[in-house]
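Asks: fold the following and give me the result.
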Amino acid sequence: MSGGAFVVSAGAVSALGVGDEAFSVGREGDRPRVAICPDVRLREAGLLRPVSARVTGLELRASDLATDLLGFALRRCVAGLDPAWLNKRVGLAIGTSSGGMLTSERFFSALARKEQLLPSFARGATYFAPLEQATADLRIAFAPRVMVLGACASSTLAVGLALRWLELGRCDIALAGGYDALSLFVASGFEALRATTAALPRPFRVGRDGMALGEGAAVVALSRSSEAGRPLGYMAGFGASTDAVHLTAPDPTGQGLARAATLALADAGVSAGAIDLVGAHATATPFNDPAEVKALRLALGSVAPKVVHPFKAQIGHTLGAAGVLESLALLDAMNRDIAPAAAGGGELDPECAVPLLEKNGRLQTGAALKLSSAFGGTNAALVLTTGATGTSPRPRRDVFLVAFTTLSEPFDNDVLAARHPHVHRLDHMSKLVISAVHALALRADIATLRGAGLVLGHTLATLEHNAVFDARRRERGARFVEPRRFPATSPNAASGECAIAFQLTGPTFAVGASLHGGLEALAVARDLVAVGDAATMLVVAADLAGATSSALLSAAGAPPLAEGACVALLSCYSARALGPACDGCQPGSGGAGLPNELPPTLASGRDWAWAAPYGHCELESYLRGLG
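Replies: Next up is the predicted model:
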């Protein structure tokens, strides 16, 4: 057995219901249940396409719905485990797209009105606040602990990281998943980008006009042993890649997503011909669906799957929860031999000729493929099977620190223009990250980084950009937000723009489970190199310092944040240069080996009292200590 693990428990909530109802595909002969409907709150806010799939009937405990969603999924998942396993080493990988955005909206408004900001209120406005609050009562010492900020691929990436931890022996059991609650901030942004539907999503159909946003959460427990709980299936393989083409649109050729799928198949030891069922990303947008179909054809070849399941057409696009909820739907179908039907009627687009069913049928299959893609060109894929695939273990690779450098401010546009085709449209965070990587390449005399990956660690993520976008929303109304500003509010945006600038086609995404996102990014990138997901990874810790972040940290009782970035280059090659991963580089000597155990970030309850520098300053200090 290589990188796979049993799914030994699950907790989930979606607009379809709680528990198993959140992802059940129904019985043979059923038509798909659709929870998407007109949204009064979005209509009253002035949006022109006010449809969504909201969660109802959930007992509310917290001031932020995102915390309640994640908390429910976590508690339900933990309840299904053998209690003895919770005394072992437990990892936690949770993905989100918008984190505590509901509280952020209130925080931005209160700040504008110059109201007094209580510490708990300020802390709740961070991306990691729901994770911090939802885990507070579990009394489990999670390690490793990561929050993935990979936009719509977040929970698929989180599952992949959990699989890698188990393979590397970093924990005995890992909880992985994702969550998101629907906010006006996010809804107005997606409508401004013309990505939402006016009625119901119709994936792969003629005349499709977009997705409907949904909310939900799902967490699965993964273990190399089937004895930790009641096995629901097997996560057999994982793959991740980056398009490096466009920030918000998919690679029209499908090549980036196909690479992730091919890597997942190889990781699982499953042939393309064994895939009968595909859980599609299927946003029902004009550009995503045909690109995804091309990716499927590239990854699976001439052997087409028997059924494609576009679950977003039923529960909405649940953003950070989408990958895991859709994976659980696949496992439900596989365990009950159901061929799941596709919601959304109409004529099939000739460009998107995939097998869609009107009603549930019968299908016996041992393997399924789940695809996810996201802002920033991020792609991730999972292979799910009904039992362990028994692939051979892979050797663990040593990881070397090749070089690192720091930067306090971006280069000017004339310098960056040689790296990025649209430098004048870049946001400040993206300019900072690209500048830092450019400075590293110059300092280390690296000819190209093509093919590498990047993990971006945040302290407060895109808080400054978010405050500006939300101010415009409050001033002008939700219908009149600026579409050019919305992509930069994704914590994954800067990593995606950097991927375009340097053609980084390996795993590329952001993380940030606490104030110590830089060290978190270092640990994640180290593991991706160690297990073979990339030969070379960039680690960037970057933060913007402005009035909003200053007010939040001051109210929370934390030290101020310094603006700047620290970037490090990790490689499985001990040479100064990058060997085969870097065209035109000549192998040299040197490179410090990273220790097996990096310093853990502080427990969430102590993060706000931590007095040492965090962000890029903390990462730089640690890297200098290695020298």
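
Asks: backbone phi and psi for the nearest residue to L117 once chain neighbours are set aside, please?
Replies: Using C-beta to C-beta, 6 or more residues apart in numbering and skipping residues adjacent in sequence, the residue nearest L117 is A555, 3.8 Å away. Using the backbone N, CA and C atoms, a C-beta is placed for each residue, glycine as well. Main-chain torsions, A555, degrees, to the nearest 10: phi -70, psi -30.

Asks: restricting to C-alpha, output stretch 507-521 in PDB.
Replies: Output in PDB follows, covering the C-alpha atoms of stretch 507-521 (Å, rounded to 0.1, in the frame of the first residue of the first chain):
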ATOM      1  CA  PRO A 507       1.100  21.900  -6.800                       C
ATOM      2  CA  THR A 508       0.400  25.500  -6.100                       C
ATOM      3  CA  PHE A 509      -1.900  26.900  -3.400                       C
ATOM      4  CA  ALA A 510      -2.000  28.800  -0.100                       C
ATOM      5  CA  VAL A 511      -2.200  27.800   3.600                       C
ATOM      6  CA  GLY A 512      -2.800  29.600   6.900                       C
ATOM      7  CA  ALA A 513      -4.300  27.900   9.900                       C
ATOM      8  CA  SER A 514      -2.900  30.500  12.400                       C
ATOM      9  CA  LEU A 515      -0.700  33.500  12.600                       C
ATOM     10  CA  HIS A 516       2.200  31.200  11.600                       C
ATOM     11  CA  GLY A 517       1.400  30.500   8.000                       C
ATOM     12  CA  GLY A 518       5.000  30.800   6.800                       C
ATOM     13  CA  LEU A 519       6.100  27.800   8.900                       C
ATOM     14  CA  GLU A 520       3.000  25.900   7.900                       C
ATOM     15  CA  ALA A 521       3.800  26.500   4.200                       C
END
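
Asks: quick one: buried residues of it?
Replies: By 16 or more other C-beta atoms under 10 Å, the buried positions in stretch 507-521 come out as 507-521.

Asks: so which of these is the closest to A299?
Replies: P507 (16.9 Å; C-beta to C-beta).

Asks: show the contacting residues for that closest one.
Replies: Applying C-beta atoms under 8 Å, 6 or more residues apart in numbering to P507 gives the contacts 157, 240-242, 453-455, 528, 533-534, 537.

Asks: the closest residue to T365 other than its chain neighbours and L440: what is the separation?
Replies: Leaving aside its chain neighbours, T365 sits nearest to D276 (3.8 Å; criterion: C-beta to C-beta, 6+ apart). D276 sits 45 Å away from L440, going by C-beta to C-beta, to the nearest Å.

Asks: what does stretch 33-50 contact?
Replies: 14-16, 26, 51-54, 184, 187-188, 191, 196-198, 200-201, 210, 212, 214, 313-316, 343, 477-479.

Asks: which ones among those map onto helices?
Replies: 184, 187-188, 191, 313-315 (DSSP state H).

Asks: circling back: narrow the contacts of stretch 33-50 to just the buried residues.
Replies: Counted by 16+ other C-beta under 10 Å, the contacts of stretch 33-50 give 14-16, 26, 51-54, 184, 187-188, 191, 196-197, 200-201, 210, 212, 214, 313-316, 343, 478 as buried.

Asks: ok but V78 is inside a helix, no?
Replies: Yes. With DSSP: H, G, I helix; E, B strand; the rest coil as the criterion, V78 is part of a helix.

Asks: do I have it right that it meets V90?
Replies: No. Look at V78 against V90 with C-beta atoms under 8 Å: they stay out of range, at 9.3 Å.

Asks: which one's more surrounded, D276 and L440?
Replies: More crowded of D276 and L440, by other C-beta atoms under 10 Å: L440, with 24 against 20.

Asks: which element is that one on?
Replies: Taking DSSP states H and E as the definition, L440 sits inside helix 428-443.

Asks: next SSE downstream of that helix?
Replies: strand 453-457.

Asks: okay, angle between that next one and helix 428-443 too, please.
Replies: Angle of strand 453-457 versus helix 428-443, following axes from the mean of the first three to the mean of the last three C-alpha atoms, to 10 degrees, is 130 degrees.

Asks: can I get the CA coordinates of strand 453-457 in PDB?
Replies: This file holds the C-alpha atoms of strand 453-457, laid out as PDB (Å, rounded to 0.1, in the frame of the first residue of the first chain):
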ATOM      1  CA  GLY A 453       5.200  24.100  -7.300                       C
ATOM      2  CA  LEU A 454       4.500  26.800  -4.700                       C
ATOM      3  CA  VAL A 455       2.900  26.900  -1.200                       C
ATOM      4  CA  LEU A 456       2.100  30.400   0.000                       C
ATOM      5  CA  GLY A 457       1.800  30.900   3.700                       C
END
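
Asks: next one: stretch 325-334 to chain centre, how far?
Replies: Relative to the centre of its chain, stretch 325-334 is centred 19 Å away, using C-alpha atoms, centre = their mean, to the nearest Å.

Asks: which other residues reach that stretch?
Replies: Everything outside stretch 325-334 that qualifies as a contact, by C-beta under 8 Å, 6+ apart, is 7, 10, 12, 14, 20, 22-25, 155-156, 159, 216, 218, 220, 232-233, 235, 277, 279, 309, 311-312, 315, 318, 338-340, 363, 365-366, 368, 370, 382, 384, 386.
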